[in-house]
Structures are given as C-alpha cells and as structure tokens.
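A.B. asks: Need a 3D model of the sequence below.
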Amino acid sequence: MKKPIITIERTYGSGGSAIGRLVAEKLGINCYNRQILDMTAERCGFDKEQIESAEETVPTSFLYSLLMTANPSRTLEDNLPLSDKVFIMESKIINEIAEKEDNFVLVGRCGSYVLEEKGCFSVFIYAPQEARIKRAVEEYGIKESKAENFMKKTDKRRETFFNVNTGKNWLDKDIYCLCLNSELGDELCAELIVKAYNEYNSK
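C.D. replies: Have a look, this model is predicted:
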C-alpha cells in the first residue's frame, strides 16, 4: 500500500522547513521546499525572486482581471495574474514529483490541497511569537527591530495565498492530521511526526 505524502504548512519562524528536512532524513525520503520554487522559475522564465514574491502575493483584483479579459489581443493565460500562474505551475511540478516518487516531504505550496486526491499526511507547525522572533533573528539573520513586522507580513501572505487557492482556512487546525508547537524542539517535533505518520499508515 502506497504511503501518503507528508505536507507541512508553517508559520514564519516556527522552523517548519528545518523540521521537514529532519523528517525526510529520518524516513529516508526527499524533502521539497525551495526546490519547487527553483523549478517553477526555470519553467516560467522568471527570476527566483519574482516567483518567490508572486507565490505568496494577493492575487490581482477581480475588476482588473475582468478588464484584462475584455482585451481580445490577450489570451486567457495572459490574463492570469503572476500569482495564479505560479500556483498552477507549482501544482503541476508537485504532481509530477508525486508520479515519480512514492512519498516525500513537501513544505508549503498548498501541498495538502494539491495532493489531496493522492492522499497526504498534513502537518501544521506553529510556535509562540517570542520563539519565532528569536529564531528569525538568530537563525535567519533578520534584524530584531524588523523581525516582528516581517513575521506578521509573511504569515499574512502565506495565509492569503493558501486561503485563496484552496478555499480553506490556513489556520483551521481541523484540516490537518497533526499540529505541533515547535517550542518542543525541532528534533522532538520531527520524531513525533514520524511516529504519528507510521501509526497513521498502520491503520
């Protein structure tokens, strides 16, 4: 029986990416995060910075899209805002990986929604604000004076990107198989995910 793919959504500074890598190492499988961004940038012909900005940006307004659609010289694809194009391409790449690999860890990119039909073990990683700011400063190199504002803006972009593209609530714990406070420690969180994942598969 094919095991479900592990998907991880995370608040900024909670260490979701690091925990995802640890989980992948423990299970002996691949972990995808920024690699999806790199592949999307290559296929779309944009710089990685443009793709990174677009993938968590509020989509173009409905009125703007309506006006662009009225222009007969533009195709339907032309009318799509870059954020939509990025989501479509990332979803295609994720599904291609899922066809080649039995299971893997995917961080972000609305993974639980994109892989819903293939089956996934969805995880949400969070942490108290103080702990997230501390990680942002000490591990990510963000200036302490800017850390809180950057954290809030990043979370808002991630939440909007997820909610708009999935029709679900990013912060709704009921849509995930497992939710963890990373103040427990990255290593312990990874161990708990692996244990829960294995138990989930044994049912």
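A.B. asks: Surely Asp155 and Glu9 touch.
C.D. replies: No. With contact defined as C-beta atoms under 8 Å, Asp155 does not reach Glu9; the gap is 11.0 Å. Every residue, glycine included, has its C-beta placed from N, CA and C.
A.B. asks: The two: which has the busier surroundings?
C.D. replies: Using other C-beta atoms under 10 Å, the more surrounded residue of Asp155 and Glu9 is Glu9, with 27 against 20.
A.B. asks: nearest residue to that one other than its sequence neighbours?
C.D. replies: Spatial nearest neighbour of Glu9, excluding adjacent residues (C-beta to C-beta, 6 or more residues apart in numbering): Phe124 at 5.0 Å.
A.B. asks: next one: Asp47
C.D. replies: Nearest residue to Asp47 in three dimensions, chain neighbours excluded: Ala41, at 6.5 Å (C-beta to C-beta, 6+ apart).
A.B. asks: residues in contact with the helix or strand where the residue nearest to Glu9 lies?
C.D. replies: For Phe124, the host element (DSSP states H and E) is strand 120-126. Outside strand 120-126, the residues that touch it by C-beta atoms under 8 Å, 6 or more residues apart in numbering are 4-11, 14-16, 19, 111-112, 173, 175-182, 189, 193, 196-197, 200.
A.B. asks: let's see it at 7 Å
C.D. replies: For strand 120-126, contacts defined as C-beta atoms under 7 Å, 6 or more residues apart in numbering pick out 4-11, 14-16, 19, 111-112, 173, 176-182, 189, 193, 197, 200.
A.B. asks: Which of the residues you listed fall within strands?
C.D. replies: Here DSSP state E is the test, and those give Ile5, Ile6, Thr7, Ile8, Glu9, Arg10, Leu178, Cys179, Leu180, Asn181 as lying in strands.
A.B. asks: of the residues you listed, closest to Gln129?
C.D. replies: The closest of those to Gln129 turns out to be Asn181 (C-beta to C-beta; 12.1 Å).
A.B. asks: If that closest one is in a bridge, with which residues?
C.D. replies: Bridge pairing for Asn181 (DSSP bridges) gives the partners Tyr126.
A.B. asks: ok, it - how many residues close by?
C.D. replies: 12.
A.B. asks: got the buried residues for the host helix or strand of Ile93?
C.D. replies: Taking DSSP H and E as the criterion, Ile93 maps to helix 82-100. Buried positions in helix 82-100, judged by neighbour count with 16 or more other C-beta atoms under 10 Å: 82-87, 89-91, 93-94, 97-98.
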